[in-house]
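Visitor: got a structure for you, letters missing:
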């Protein structure tokens, strides 16, 4: 299970924790546990820690505690446990209000519970979860990137990692397109920023899946995250909105990141997982330079045939055959008739919308269309001709994505 502020309360000793503030942030993932009585040590924190204090140095100075929580939240710390007793008898009202405002979890722990016991309990769970995650990553990667015999032993092993053979699953591939440049500031790799960014993305996905009551399997691979979760038949039309929500939440939390999400085909058997992930990757490739977008394999239409064909030489020949003369005319005369034709088709042959998209006068557009028809010896009111040109542009875009 993911070790976050919500589910640690099922662990030994941690079940004595009482949430007093920041319930909105209970999905924050806990990476480790730290004792920290001196607020000056905050600069050594990396993010994701659960902080334990007795308040022996803070005592009744509410301003120090208030500033501490603001600083912990800015460092993306998971939460704060106050060992209430002689130094801090109870959490002050304005501290509770601050925690609620920030969505920063604050817990109270009875003074008779030893901090070392709760720390060991949570750290053990984190360690076991990490071992399980690494084992699961290796198993899933072997399915996706390697060759696996899908015998009964492998199916039984997969059940340990939350796979249910009776369920239908969806696969998504989330790509952080500018991750390397984002964490490599001024030519130096920022390890703290990398850790914090990965953690924030994991938390966003986990929070959304928890809200939807989905047990997802998430695999991190370089700048990609593979997300797999079960879906009921009646939920299949909701997959795109889920991806859009993940995208929107990441954009709101880390606006500098450029995210793309590809959605693969539905699968039930383990041997279908690899194909589903490949199709999600295909959807990402079709997005090309369109960042902060979602593309589903089922919506790819003709591109699905192009990926299956994978005969690039034949595609190039067909592209030249259909649009070659117009491309050559543009090259020789510094015109943009190919772009005009593509926008005209994309806008469903609507003159007004096409002219607005190209920022030209309607009469200018009419002249260009007439010139295109002369060069290509076609009729842009003929559906068969329009189909050929639409196919050519899809081939052009496909070849561009495959470079």
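Guide: Thanks, I have it. Predicted model, so just to flag it, every value in this text is computed and none were measured.
Visitor: at the geometric centre of the protein, which residue do we find?
Guide: Closest residue to the average C-alpha location of the chain: residue 174 at 4.5 Å, with Cα atoms, centre = their mean.
Visitor: wait, isn't that residue in contact with residue 263?
Guide: No: using Cβ atoms under 8 Å, residue 174 makes no contact with residue 263, being 10.2 Å away. Just so you know, the C-beta spots here come from the backbone N, C-alpha and C atoms, and that holds for glycine as well.
Visitor: report how many residues lie close to residue 49.
Guide: 21 (other Cβ atoms under 10 Å).
Visitor: do you know the pLDDT at it?
Guide: On pLDDT, residue 49 comes in at 94.
Visitor: what lies in contact with stretch 280-290?
Guide: With Cβ atoms under 8 Å, 6 or more residues apart in numbering as the test, stretch 280-290 has contacts from 171-173, 175, 226, 260-264, 293, 295-297, 300, 303-304, 307, 397-398, 400-402.
Visitor: and stretch 313-330, what's buried?
Guide: 315, 318, 319, 322, 323, 326, 329, 330 (16 or more other Cβ atoms under 10 Å).
Visitor: using TSV, lay out these together with distance to residue 57 and secondary structure.
Guide: Listed next are the buried residues of stretch 313-330 as TSV, based on distance: Cβ to Cβ, whole Å; DSSP: H, G, I helix; E, B strand; the rest coil:
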residue	distance to residue 57	secondary structure
315	70	helix
318	74	helix
319	71	helix
322	76	helix
323	73	helix
326	75	helix
329	78	helix
330	72	helix
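Visitor: out of those residues, what pair is the most spread apart?
Guide: 315 and 329 (21.3 Å; Cβ to Cβ).
Visitor: ok, residue 61 - contacts?
Guide: Residue 61 neighbours (Cβ under 8 Å, 6+ apart): none.
Visitor: now do it against residue 87, distance only.
Guide: Counting by Cβ to Cβ, to the nearest Å, the gap from residue 61 to residue 87 is 11 Å.
Visitor: where does pLDDT dip in this protein?
Guide: 1, 148-161, 186, 289-290, 402-403 (pLDDT under 70).
Visitor: can you list the domain ranges for it.
Guide: Following automatic domain parsing, the chain resolves into domains at 7-122, 148-300, 308-401.
Visitor: want to throw these into a markdown table with distance to residue 133?
Guide: Shown next, in a markdown table, are these (distance: least, Cβ to Cβ, whole Å):
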| stretch | distance to residue 133 |
| --- | --- |
| domain 7-122 | 12 |
| domain 148-300 | 9 |
| domain 308-401 | 32 |
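Visitor: closest to residue 128 out of those?
Guide: Going by Cβ to Cβ, the one of the domains of the chain nearest residue 128 is domain 7-122, 10.7 Å.
Visitor: run the chain-centre distance for that closest one.
Guide: 29 Å (Cα atoms, centre = their mean, to the nearest Å).
Visitor: same question for stretch 268-280.
Guide: With Cα atoms, centre = their mean, you get 19 Å for stretch 268-280.
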